[in-house]
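In: Whatever this is, show me its structure:
(2 chains)
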Amino acid sequence: MSQTSAKKTRLKVVRGILIAALLFFTLFPAYWMMSSAFDARAGSGNQGIVPAEFTLDNFIYVINDGGFGVFLRNSVIVAFATVLISAVLALLASVAVARFKFKFRTGILLMILVVQMVPLEALVIPLFVQVRDLQLLNTLLGLVIVYVAISLPFGIWMLRGFVAAVPVELEEAAYLDGASWWRMFRSVMLPLVMPGLVATSVFSFITAWNEFIFAMTMLQGSTENYTVAIGLKQFFGEHSNEWGYVMAASTLITIPVMIFFILVQGKLSSGLVAGAVKG
Amino acid sequence: MSKLVSPAAVPGTLGSGAAGGPPRRNRARTVLAARPWLLLAPALFVLAVLLLWPLIRVVLFSFQDYGLREIVSGKTNFNGGANYLEAITNPQLWSVVLPNTVVFAVAAVAGTVIFGTLVALLMSSLGKTWRTIVGSAIMVAWAMPAVTGTYVWIWIFDADNGIVNKLLMGAGLMDEPFNWFTNRWSFYAIVLINVIHHGFPFVAITVLAGLLGVNKEMLEAAEMDGAGPFRRFFQIIFPSLKQVFTVVIILSTIWDFKIFSQVYLMPGGGGSNREVLNLGVWSYVESFGQNRYGFGSAIAVLLTLVLLVITIIYIRALMKEDEL
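Out: Numbering: from 1, shown residues only, chains lettered A, B, ... in the order given. Model prediction:
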């Protein structure tokens, strides 16, 4: 009896240590980022584990002098435009592939799956040429177009699971009540796929917010058009405690994403399970 | 591909939504047949113009001596397979670039999947409160964008004032600061930590969702019969989550083969230290650094081919479950 309880205590201690180590590994980078952002001595060589000289100067500098406010605004515009356009396109397409049987349906699904796997490094060269030909280099519109294309396949793939889960009987009941297809779509389908739409939107928001390679390639002109992902580079070089600036800017970039993830935590995992695991 | 968009190509197959509809015959039937294509048209247009056509173009570029002049003039300049020949005969491809890409991807996938699974197993043994705490911490790691995450890890390992060097020196393990970024192995060790940190939450959350569906009675019975944790995992949990693991492994493989910013942004990773090049970064620096878009395209095509093979395996794994 005492042997098993001793074993249980040992198990609890081991589990406690494992949890502590895991929490440290997952949280330390975020902690260190914020700690450096709020520390006047960040990057100077005598920064402590806790900010010894608490300051907001790093944030004030990156927003006012570093132009980070403009980068944030650009990223917000690009991200919301991407979310809006790709959500509409993905929803329409997912209804088509989940609700209708038609020729080439499997072919289209396969194509969507395959283009999803294409590395951005392979697309960046031809898309750079294409966007250049359209004279959309150094514009936010050019970036939005690219981000919609990148996030669309995953959006269709994920939403079709949600659309397929809406019972056909509900649709048929709407028809029998004399509703038109569009009316059925708005009042039966849309409310039921809303969780999927939220999860898809989070993914396209994050794609647009975090994307680096296209932003770096297509926004090579003035910093006026920079998004946050490449705006960060501005804070390297001239100043001795640049790490305070970089970490303050990183904090500003990360917080909206963290808020998003925490808000949709439940929907995100159910979306992943429906979209990624089941197919 | 664009011919697929044409509604005329579709015979009058009925959508399931029409099953209960009134019998209005031919015209209604044509409208119904066109409907999926009308719904698909905008998305297919975007995918065709912005993903498929560029994909064809990068292959066309890869067979040309495509530089700045060709970009500006729009002229073609085919040179056969010279770009591929140059890439394949480049000793750096075999000694540096390919190992950096493949060995790293294998290590990162193994690390991400094993670590993520262990975290999922740990989480499944926790009560509600602690599971929520650990789950939220995982969300924080997941939410950190790759670019900012990479900068944070660079700062943590910074040669001059990074906390790792300071702690190691403070503990007397090192006499002077070590530059982790100049050595190929320590460079990729940092990339590995970064990628695992960013990638394991997806694995942990997905596997946990699967674990919660595993038959508890079977596990308890196995424990009663004296099966240790390893046997319980490999004989009960793993077989029932095979599908989950297949998808998680293949998705991680695809992601880890094409890591870019995590390497490009690190000191020396943008092409100045050729020892740490991988396929993606090599393609990019040849294209946009040297204006050798044709050669860069050939490298990009090689990377795509590698990924295509993995994708086919992925699709086949899914097809077995007849999900399409």
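
In: Going by C-alpha atoms from here, please, whenever you check contacts or count neighbours.
Out: OK.

In: I'd like to know how many residues surround A:I259.
Out: Using other C-alpha atoms under 10 Å in any protein chain shown, A:I259 has 14 neighbouring residues.

In: Report the separation between it and B:W142.
Out: With distances taken as C-alpha to C-alpha, to the nearest Å, A:I259 is found 12 Å from B:W142.

In: Repeat that for B:W255.
Out: From B:W255 over to B:W142 (counting by C-alpha to C-alpha), the distance is 14 Å.

In: swap in B:P36?
Out: 36 Å.

In: what are the phi and psi values for A:F54?
Out: Here is the backbone geometry of A:F54 (degrees, to the nearest 10): phi -60, psi 130.

In: That should have said A:D39, apologies.
Out: phi -110, psi 130.

In: hey, what's it bridged with?
Out: A:F54 (DSSP bridges).

In: hmm, back to that, show me which of B:P36 and B:W142 is the more surrounded one.
Out: Set B:P36 next to B:W142 and count neighbours by other C-alpha under 10 Å: B:P36 wins out with 25 against 21.

In: Is the more buried one in a helix, a strand, or coil?
Out: Following DSSP: H, G, I helix; E, B strand; the rest coil, the label given to B:P36 is helix.

In: need the contact list for it.
Out: A:93, A:95-97, A:100, A:102 (C-alpha atoms under 8 Å, 6 or more residues apart in numbering or on different chains).

In: do A:S36 as well
Out: A:42-43, A:47, A:51, A:243-244, A:247-248.

In: Out of these, which is nearest to A:G107?
Out: A:M247 (46.0 Å; C-alpha to C-alpha).

In: so that closest one sits right up against A:A30, yeah?
Out: No - using C-alpha atoms under 8 Å, A:M247 is not in contact with A:A30; the gap is 9.8 Å.

In: Of these two, which one has the most company?
Out: Taking neighbours as other C-alpha under 10 Å, A:M247 and A:A30 compare with A:M247 leading, 31 against 22.

In: what residue is smack in the middle of chain A?
Out: Central residue of chain A (C-alpha atoms, centre = their mean): A:I206, 1.5 Å from the mean position.

In: okay, residue 215: pLDDT?
Out: I'll assume chain A. In the prediction, the pLDDT value recorded for A:A215 is 96.

In: hm, I was asking about chain B
Out: Note for B:N215: predicted pLDDT of 81.

In: what about it, how many neighbours?
Out: Based on other C-alpha under 10 Å, the number of other residues close to B:N215 is 12.

In: can you tell me which residues contact it?
Out: B:N215 touches nothing, counting by C-alpha under 8 Å, 6+ apart.

In: quick one, phi/psi of it?
Out: Per degrees, to the nearest 10, the backbone of B:N215 is at phi -60, psi 110.

In: just B:F78 next, same as before
Out: Backbone torsions of B:F78, given as degrees, to the nearest 10, read phi -70, psi 140.

In: now swap in the one 10 residues further on and tell me
Out: Note on B:I88: its backbone torsions stand at phi -70, psi -30 [degrees, to the nearest 10].

In: so how far is chain A from it?
Out: Going from B:I88 to chain A by C-alpha to the nearest C-alpha, to the nearest Å gives 18 Å.

In: Model confidence for residue 190, exactly?
Out: Assuming you mean chain A. Per-residue pLDDT puts A:L190 at 87.

In: not what I meant, chain B
Out: We have a pLDDT of 98 for B:I190.

In: before we move on, what about A:I112?
Out: The predicted local confidence for A:I112 is 85.

In: With B:R316 instead?
Out: 78.

In: Going by secondary structure, it is in what exactly?
Out: Using DSSP states H and E, B:R316 falls within helix B:293-320.

In: Find the nearest non-adjacent residue to A:G231, please.
Out: A:F71 (6.3 Å; C-alpha to C-alpha, 6 or more residues apart in numbering or on different chains).

In: Same check on A:F212?
Out: A:A229 is the one closest to A:F212 (C-alpha to C-alpha, 6+ apart), at 5.7 Å.

In: Could you count how many residues lie near the one you found?
Out: A:A229, neighbours per other C-alpha under 10 Å, totals 25.

In: Quick check: the gap between it and B:L55.
Out: Per C-alpha to C-alpha, A:A229 is found 25 Å from B:L55.

In: ditto for B:E176
Out: According to C-alpha to C-alpha, B:E176 and B:L55 sit 49 Å apart.

In: okay, those two: which has more neighbours?
Out: Per other C-alpha under 10 Å, whichever of B:E176 and B:L55 has more neighbours is B:L55, with 22 against 13.

In: how about the residues of the stretch 51-200 of chain B that lie near chain A?
Out: Within reach of chain A by C-alpha under 8 Å from any C-alpha of the partner chain, the stretch 51-200 of chain B has these residues: B:51-52, B:54-55, B:57-58, B:71, B:122, B:134, B:136-141, B:143-149, B:151-153, B:155, B:160-162, B:197.

In: Just the buried subset of these, please.
Out: For those, a burial check counting by 16 or more other C-alpha atoms under 10 Å in any protein chain shown picks out B:51-52, B:54-55, B:57-58, B:71, B:122, B:134, B:136-141, B:143-149, B:151-153, B:155, B:160-162, B:197.

In: Sitting in strands, which of those residues do you find?
Out: When DSSP state E is applied, these are split such that none fall in strands.

In: and those, which of them are in helices?
Out: Using DSSP state H, B:54-55, B:57-58, B:71, B:122, B:134, B:136-141, B:143, B:146-149, B:151-153, B:155, B:197 are the members of those that sit in helices.

In: Which parts of the stretch 101-250 of chain A are helices?
Out: A:105-117, A:120-133, A:140-165, A:168-176, A:181-184, A:190-210, A:213-218, A:228-231, A:242-263 (DSSP state H, counting those that start in this stretch).

In: pLDDT weak spots in the stretch 1-150 of chain A?
Out: A:1-3 (pLDDT under 70).

In: let's go with 50 and repeat that
Out: Counting by pLDDT under 50, not a single residue of the stretch 1-150 of chain A qualifies.

In: what comes into contact with stretch A:115-124?
Out: With C-alpha under 8 Å, 6+ apart, stretch A:115-124 has contacts from A:150, A:153-154, A:213-214, A:217, B:51-52, B:54-55, B:58, B:254, B:258, B:280-281, B:283-284, B:297, B:300-301, B:303-304, B:307-308, B:311.
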